[in-house]
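Student: Let's see this in three dimensions:
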Amino acid sequence: MIEFLQSMVEGLSRSTIDRRLASIRRINQFLGFTTQTGEAFRIAHSKMKRPKPHQRRQAHGINEDLFLRAIAAQPETLIGIHNRAMLSLGYDFLTRRSELVALRVGDVSFQYDGTLRGVIRRGKAAPFGRGPFDSERSEKLLRRWLRRKPKDIDWLFCATLRDTCLDQPIGDRRANQIIKLAVCSVRGHRPRDREISGHSLRVGAAQDLLIKSFDTAAIMRAGGWRSLSALNGYLDLAEHNVSK
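Tutor: Numbering: from 1, shown residues only. Sure thing, here's the model as predicted:
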């Protein structure tokens, strides 16, 4: 194992090496073998980490100003109405793209006080609801979309084709494309296409909550994070001046 580790040090990142080592451990476990990782291996592994600083690549956050411009840039068509509602809900609910595309009509309810409550059924941390979210914008955009979407389609954000709704979800990859194209349609300063991903709405919303002086407990509850270290990964690049 030590020889294998040393053969990967040149040219591979720390995360790639760790991922390959984890794969080997899992394969050995399935085959009934024991992975030899004694003290000598742990020392070699520690030496490998020193010259390879670990910094996770984070998607560029779609913060409030960029988010509102992206919504405004959507066309007045069925697809544009669909995209506005999806982007708004994704930002306000701090959803992952897999959670966003899995939403069904019954997962979102309009409350008497003007708030929205959502049930995140495929949540990575826990499959229960997050909310309510006091967003007049999302409520109006979602109501407008639901008036256009056929009642017999249960997917909240169904696929569309030539201004026609299809009885199927849009899928993770299509959600990613919608978010990227929405940002690319914005005039003026904006991040590059490769910096945007399906997580960008969630990243930007979390950063905006920090900038608005919400404490970490409130942000963790809004986004469904269980780990403070996971949340910190989202907040690292927030433009937050603590002296103000």
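
Student: Neighbours of Arg42, how many?
Tutor: 10 (other CB atoms under 10 Å). For the C-beta atoms, the positions are set from N, CA and C on the backbone; glycine is no exception.

Student: mind giving me the domain split of this structure?
Tutor: With domains defined by automatic domain parsing, the chain comprises 2-49, 64-235.

Student: Out of those, which one sits most buried?
Tutor: Stretch with highest mean neighbour count among the domains of the chain: domain 64-235 (a mean of 17; mean count of other CB atoms under 10 Å).

Student: re earlier: ok, of the domains of the chain, where does mean pLDDT dip lowest?
Tutor: Ranked by mean pLDDT, those bottom out at domain 2-49, with a mean of 75.

Student: Off-centre distance for that one?
Tutor: Chain-centre distance of domain 2-49: 30 Å, with CA atoms, centre = their mean, to the nearest Å.

Student: what are the phi and psi angles of Pro169?
Tutor: As for Pro169, its main-chain torsions (degrees, to the nearest 10) stand at phi -70, psi 160.

Student: can you pull the contacts of it?
Tutor: Contacts for Pro169 were tallied using CB atoms under 8 Å, 6 or more residues apart in numbering; they are 101-102, 155, 157-159.

Student: how about 10 Å then?
Tutor: Shown in contact with Pro169 (CB atoms under 10 Å, 6 or more residues apart in numbering): 100-104, 154-159, 175.

Student: out of the residues you listed, which are inside strands?
Tutor: Among the contacts of Pro169, the ones falling in strands (DSSP state E) are 158-159.

Student: Among the contacts of Pro169, which one lies nearest to Ser213?
Tutor: Of all the contacts of Pro169, Leu100 has the smallest distance to Ser213: 26.6 Å, by CB to CB.

Student: right, and the closest one touches Trp155 too?
Tutor: No: using CB atoms under 10 Å, Leu100 is not in contact with Trp155, being 11.1 Å away.

Student: What ranges does the protein have for its strands?
Tutor: 108-110, 116-119, 129-133, 158-160, 165-169.

Student: mind putting the contacts of Pro169 in a markdown table, distance to Ala206 included?
Tutor: Shown next, in a markdown table, are the contacts of Pro169 (distance: CB to CB, whole Å):
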| residue | distance to Ala206 |
| --- | --- |
| Leu100 | 15 |
| Val101 | 20 |
| Ala102 | 20 |
| Leu103 | 19 |
| Arg104 | 25 |
| Asp154 | 29 |
| Trp155 | 26 |
| Leu156 | 22 |
| Phe157 | 21 |
| Cys158 | 27 |
| Ala159 | 28 |
| Ala175 | 18 |
